[in-house]
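[1] Here is a sequence with its predicted model. Questions after.
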Amino acid sequence: MSSDQNSHLRLADRPAGLSETGIDPVKVAQFEDGQRMGTAKGRYDGWYFDAHLDDGATVVVTFYTKPNHGPLAPGVTINLTLPDGRQFDRIYSTTADQLTMSKEKCDVRVGPITLPMISIATASQLPLRKYLSRSSLAGEVRPWRPKSGHFYFGSGGREKLFAWLPSVPQGLASVRYKVGDKEYRASGSGYHDHGWGDAPAQTLMHNWYWARAKVGPYTVIASRITATEAYGYETQIIYMSAKDGEIIATMTPGLLPDRARRHRSKTGKPVADITRYSYRDGDTRYVVTFERQKTLLQTVLQGGNATY
């Protein structure tokens, strides 16, 4: 279902809607990856980074202002999965006075851990102490967002916001990580995004399928948001594909994903093992299929769950 057909879930994509956000409809500005929300109860910012390395390891890092959208309680989560399947999950939590954020660019400090982005899609440094000692990300696809990237849930002047910006849809990640006394260096496909809002995401979304991939010269970001019952289970499709670093297709109302074969998460909610997106551009048809082979990380949230 497109935004035009929804009554409780809309994407700010028209001039009036874009004026609400104060951003350009196409060009992403550096300030958009900085702090966008205040720190009052219910308001949050979060910065996400992942890398799939050529040695078979994966890294997922999240900086957040609060874990449950209550009082300010900043932290960083780190998930490192080694080529042999061993996993290391670490959470660094601290007090509100140990958080600093820039509103002009991606420059975040949580205690001794920093996330400075010199310029959007150029470089980021993530010195993460014992487990992930250093990571850099050089953007290969320009920053992108679906229209304004601002999704509004509700109606009648009581709307709730969820906003999302893939600052680095695809980049070259170079990572140093340590296991015991041994240090490893590897590179591979990297990604970074920034999300913010004024209500807990699990109260707005019944489920959110999100995936990214790099295959040969192609980069793909594909997603389907389904709102909770309070918002009529309305849906929104998100899609972007790029070839050789240039964006060639973005979301369209005619794009619909198929979901097949499911498994039960530990909350009991069914999760699709296969999601398929089909996109037609003139005589050319693109079909993108994501298939789950194993679960790297499953996190139970208040009122929902997240599976990676």
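    Here it is on my side, so go on. These numbers were taken from a predicted model, which means no experiment stands behind them. Numbering: from 1, shown residues only.
[2] Give me the mean pLDDT for stretch 67-86.
    Averaged across stretch 67-86, the pLDDT comes to 87.
[3] Adjust the sequence numbering to begin at 30 for everything that follows.
    Fine by me, first position is 30 from now on; the one you just mentioned is stretch 96-115.
[4] Now do the end-to-end distance for it.
    25 Å (CA to CA, to the nearest Å).
[5] What residues sit buried inside that stretch?
    Going by neighbour count (16 or more other CB atoms under 10 Å), the buried part of stretch 96-115 is 96, 98, 101-110. The C-beta positions use only the backbone N, C-alpha and C, and glycine is treated the same way.
[6] can you check stretch 237-250 too?
    In terms of neighbour count (16+ other CB under 10 Å), stretch 237-250 has its buried residues at 237-243, 248-250.
[7] Residue 204 contacts residue 90, doesn't it?
    No. The pair residue 204 / residue 90 is not scored as a contact, 10.1 Å apart, by CB atoms under 8 Å.
[8] how about the helix or strand hosting residue 199: buried residues?
    Using DSSP states H and E, residue 199 falls within strand 189-208. Under the neighbour-count criterion of 16+ other CB under 10 Å, strand 189-208 has 189-200, 202-204, 206 buried.
[9] ok so, going back, mind giving me JSON lines with the buried residues of stretch 96-115 and columns for distance to residue 124 and secondary structure?
    As requested, the buried residues of stretch 96-115 are arranged in JSON lines below (distance: CB to CB, whole Å; DSSP: H, G, I helix; E, B strand; the rest coil):
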{"residue": "96", "distance to residue 124": "13", "secondary structure": "coil"}
{"residue": "98", "distance to residue 124": "17", "secondary structure": "coil"}
{"residue": "101", "distance to residue 124": "9", "secondary structure": "coil"}
{"residue": "102", "distance to residue 124": "8", "secondary structure": "coil"}
{"residue": "103", "distance to residue 124": "8", "secondary structure": "coil"}
{"residue": "104", "distance to residue 124": "10", "secondary structure": "strand"}
{"residue": "105", "distance to residue 124": "14", "secondary structure": "strand"}
{"residue": "106", "distance to residue 124": "17", "secondary structure": "strand"}
{"residue": "107", "distance to residue 124": "19", "secondary structure": "strand"}
{"residue": "108", "distance to residue 124": "23", "secondary structure": "strand"}
{"residue": "109", "distance to residue 124": "25", "secondary structure": "strand"}
{"residue": "110", "distance to residue 124": "30", "secondary structure": "strand"}
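[10] which one among the residues you listed gets closest to residue 210?
    Residue 210 lies nearest to residue 109 out of these, by CB to CB, at 15.9 Å.
[11] what's across from the closest one in the sheet?
    Residue 109 has these beta-bridge partners by DSSP bridges: residue 88, residue 117.
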